[in-house]
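A.B. asks: mind folding the following:
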Amino acid sequence: MRSLLFAVVIPVAATASGSEPGQLQVENVGTTMVAFGAHLDSHPFAGADDLYKFLHQAVYGPGHAIPNREAAAQWLQREIEGIGTPLDDEVSCEALGGEPSLVRVNLRPFVANNDNPDLLLDAFVSSANFERGSSRRMKTVLNLATSYVQCAGRGELAPDLKALAADLAENGYPAIHHSKTYVEAYKPAYRVVGEALATEHGWCGESGR
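C.D. replies: Here you go, the predicted model:
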């Protein structure tokens, strides 16, 4: 996968970088695109909406999801109260990449491990308050993703992802929801936090997964 990734990343990143050196842009998006490739492999039912959401979280982080800390706390508590047991092969964390790197901490394994939700809330809020991302970087990763799915044998996703990216660019790349198909297949329940914080608290293990 890595050779395929670099074959896609380097030429597209150089084109998207404008007046900046192409190498800088590759460094900016490389971790996100590695994580994107892994996500595509492990989530065959992901559609264009879900791939866009993955990239949006990697670029912008979770800030859009927090109107205030109290609301975030209530939301987390409600979700934890209704959480079930981990799904088959459900990982504790999924890498998103980005700068600094982010992960999705999956709530079912988190609760099953008796981890502290107050610490997760702190990490979530702290990660949301970190200023990050730009529309240009989002455009870059979407262009790369559209090329990547074609090269990875998932070309049926390319037209929808390209159309979605063009449509949402007009509104400044807003956050969107997972698709119904994705929700039914994977029952997503997670919080996006900084990888360093997740690793510090032992939520992701040594591999960050």
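
A.B. asks: remind me, longest helix of this protein?
C.D. replies: helix 22-42 (DSSP state H).

A.B. asks: what's it packed up against?
C.D. replies: helix 2-16, helix 48-60, strand 93-97, helix 135-151 (3 or more CB pairs under 8 Å, 6 or more residues apart in numbering; DSSP states H and E). Yep, even glycine has a C-beta here, placed from its N, CA and C like the rest.

A.B. asks: which residues of the chain score low on pLDDT?
C.D. replies: Applying pLDDT under 70 to the chain flags the ranges 1-27, 65, 205-209.

A.B. asks: so which residue is smack in the middle of it?
C.D. replies: The centre of the chain sits closest to Phe54, judged by CA atoms, centre = their mean, with a distance of 3.4 Å.

A.B. asks: how far does stretch 28-37 sit from its chain's centre?
C.D. replies: Between the centre of stretch 28-37 and the centre of its chain there are 10 Å (CA atoms, centre = their mean, to the nearest Å).

A.B. asks: tally of neighbours for Ala163?
C.D. replies: Number of residues near Ala163 (other CB atoms under 10 Å) recorded here: 12.

A.B. asks: follow-up on the earlier one: now do the buried residues in the longest helix of the chain.
C.D. replies: 22, 25-26, 28-37, 39-40 (16 or more other CB atoms under 10 Å).

A.B. asks: list the contacts for the residue nearest to the residue nearest to the centre of the chain when sequence neighbours are not counted?
C.D. replies: Spatial nearest neighbour of Phe54, chain neighbours left out: His39 (5.5 Å); criterion: CB to CB, 6 or more residues apart in numbering. The neighbours of His39, taking CB atoms under 8 Å, 6 or more residues apart in numbering as the test, are Ala46, Leu51, Phe54, Glu94.

A.B. asks: now with 10 Å?
C.D. replies: The contact partners of His39, taken as CB atoms under 10 Å, 6 or more residues apart in numbering, are Ala46, Asp50, Leu51, Phe54, Leu55, Ala58, Glu94, Ala95, Leu96, Gly97, Arg104.

A.B. asks: sweet, I'm off.
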